[in-house]
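[1] coordinates only, sequence not included:
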């Protein structure tokens, strides 16, 4: 959504069953990293299935501004020509990331590893998101923060390190964005950069760096953690990338099919990386009918087609250590929990407070607006479902958050009364085809 664009309200109402076979957009995490690694490689990287949402297109613009040639060849087909680590150009203007938290934070690491100055900015939503967790390790690596808004927020200006310092850094929370920013900055540092995660986060950066030729290893650390060691100053070689379907986007039609009576939907080529499938694990524990079909490997990641059928769900206790593998899926899980019988307790959701919105508060407000019993206890969200359709009938404030908008539209497809959201314009950041796709499956959105 462009700055200053008008809000686009929408509502969803109960209709017939959802039926059909669809493919959701390419994975957003891999799409961002494909463009970044293309920028940092010497030669031409071809990407197939790139998510062409606004967030990823902002990263493409930033890669161009830093010296890459980035070309759109057709739907999902892109070509990136990079000059390699150490060759980035100083951008002439501000790097405007719109609503892209991932793109902005990862690119701070890229810029931080090069002796260039760059200003980062974004829309009103991104300007609310704290950047201190990214800036702290980068400053230890030699990056200077020239200017930054109050509370370590955008807009901010970085001066990258002239001689990057390799560090050993323990992340304060499970965050692939913090880890990736440090690793990207470490690419241009001599020696070894080490990131220690007490709780393992999604590992796409490590896998893709290895795929492009970096010397990187990941080892267990503690009960649930990882120790990642990167040898600096490799020459990255371009590789073809096939972007699998995004499990975070697939979450919406999955939950819709589970809660709308009579539904039977197949979603193609969904990434099944175990660090991204926490929602599937949870839904299966709740009694969901989810069947894996044609499991295979594409672009270095395991993928499968998923068949989802309407299922009676029951409440479960979701452990805090599962949060990193499903952090973006809690809003739509809360919707599923509203239709389940009994209590669902989602533990350890503090990270939801610093997403595109305070998602924990936004989810609670949306549940309240639609008559769903719930409570927040510390960092836990507890949803009490009746085993029947949610009452619905409310208007949900999305707070410029695409996942809040999509989650409560899914709720409306199975609720007793229609559910409205105040703005759907931000859905384009991650899932431009969401409304047409759900309509093709039989959903009533208008």
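    The structure has been received and is ready for your questions. All values derive from a computational prediction rather than experimental measurement.
[2] count of neighbours near residue 229?
    Neighbourhood size, residue 229 [other Cβ atoms under 10 Å]: 17. C-beta: built from backbone N, CA, C; applies to glycine.
[3] bridging residues for it?
    Counting by DSSP bridges, residue 229 forms beta bridges with residue 194, residue 217.
[4] Might you report the residue contacts of it?
    The contact partners of residue 229, taken as Cβ atoms under 8 Å, 6 or more residues apart in numbering, are 192-194, 216-219.
[5] what's the helix or strand for residue 145?
    Using DSSP states H and E, residue 145 falls within strand 144-149.
[6] So which residues make contact with that strand?
    With contact meaning Cβ under 8 Å, 6+ apart, strand 144-149 is reached by 117, 119, 127, 131, 135, 139, 155-159.
[7] Return the set of buried residues in that strand.
    Residues of strand 144-149 classed as buried: 145, 148 (neighbour count, 16 or more other Cβ atoms under 10 Å).
[8] Could I have the buried ones of the contacts of residue 229 as PyMOL selection syntax?
    To isolate the buried ones among those in PyMOL, judged by 16+ other Cβ under 10 Å, type:
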select buried, resi 192+193+194+216+218
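[9] Relative to residue 244, which of the contacts of residue 229 is nearest.
    residue 218 (20.0 Å; Cβ to Cβ).
[10] Test my guess that the closest one contacts residue 201.
    No. In this structure, residue 218 is not within contact of residue 201 by Cβ atoms under 8 Å, at 11.4 Å.
[11] Tell me where the stretch 151-300 of the chain has helices.
    With helices called from DSSP state H, counting those that start in this stretch, the stretch 151-300 of the chain shows them at 176-186, 204-211, 247-259, 278-285.
[12] Give me the mean pLDDT for the last one.
    Averaging pLDDT along helix 278-285 gives 98.
[13] That one: how far from the chain's middle?
    18 Å (Cα atoms, centre = their mean, to the nearest Å).
[14] Contacts made by it with the rest, please.
    247, 251, 254-255, 258, 290, 306, 313, 316, 318, 322-326, 329, 332-333, 336.
[15] For stretch 337-350, the averaged confidence score.
    97.
[16] Pull up the distance across it, start to finish.
    19 Å (Cα to Cα, to the nearest Å).
[17] Any figure for the gap between residue 232 and residue 182?
    For residue 232, the distance to residue 182 (Cβ to Cβ, to the nearest Å) stands at 12 Å.
[18] err, residue 79, not the other one
    Distance, residue 79 to residue 182, by Cβ to Cβ: 28 Å.
[19] Likewise for residue 269?
    For residue 269, the distance to residue 182 equals 31 Å [Cβ to Cβ].
[20] And for residue 308?
    Residue 308 is 37 Å from residue 182, by Cβ to Cβ.
[21] Same question for residue 355.
    Going from residue 355 to residue 182 by Cβ to Cβ gives 20 Å.
[22] more crowded one of the two?
    Between residue 355 and residue 182, residue 182 has the larger neighbour count (other Cβ under 10 Å), namely 30 against 21.
[23] these two touch, right, that one and residue 136?
    No. Using Cβ under 8 Å as the test, residue 182 is too far from residue 136 to be in contact (10.0 Å).
[24] Who are the contact partners of the spatially closest residue to residue 262 that is not a sequence neighbour?
    Distances taken as Cβ to Cβ, 6 or more residues apart in numbering put residue 17 closest to residue 262, at 3.2 Å, once the chain neighbours are dropped. Counting by Cβ under 8 Å, 6+ apart, residue 17 touches 260-264, 310, 442.
[25] As CSV, these with neighbour count and pLDDT would be great.
    Conversion of the contacts of residue 17 to CSV gives the following (neighbours: other Cβ atoms under 10 Å; pLDDT from 0 to 100):
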residue, neighbour count, pLDDT
260, 24, 98
261, 12, 98
262, 12, 98
263, 25, 98
264, 15, 98
310, 20, 98
442, 18, 98
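[26] from those residues, which is closest to residue 418?
    Nearest to residue 418 among the contacts of residue 17, with distances taken as Cβ to Cβ, is residue 260, at 13.9 Å.
[27] ok, now which ones touch that closest one?
    Taking Cβ under 8 Å, 6+ apart as the test, what residue 260 contacts is 14, 17-18, 310, 413-414, 443.
[28] Could you rerun that using 7 Å?
    Each residue near residue 260 by Cβ atoms under 7 Å, 6 or more residues apart in numbering is listed here: 17-18, 310, 413-414.
[29] For residue 342, see how far away it is.
    Residue 260 sits 20 Å away from residue 342, going by Cβ to Cβ.
[30] repeat for residue 174
    Residue 174 is 28 Å from residue 342, by Cβ to Cβ.
[31] For those two, indicate the residue with more neighbours.
    residue 174 (24 against 15).
[32] Show me what the helix or strand harbouring residue 364 is packed up against.
    Using DSSP H and E, residue 364 maps to helix 359-369. Counting by 3 or more Cβ pairs under 7 Å, 6 or more residues apart in numbering; DSSP states H and E, the packing neighbours recorded for helix 359-369 are helix 330-339, strand 373-377, strand 380-386, strand 395-396, helix 402-412.
[33] got any ranges where the protein has weak pLDDT?
    1-5, 299 (pLDDT under 70).
[34] Tell me if I'm right that residue 257 and residue 266 touch.
    No. Here residue 257 does not reach residue 266: they are 9.3 Å apart, not a contact under Cβ atoms under 7 Å.
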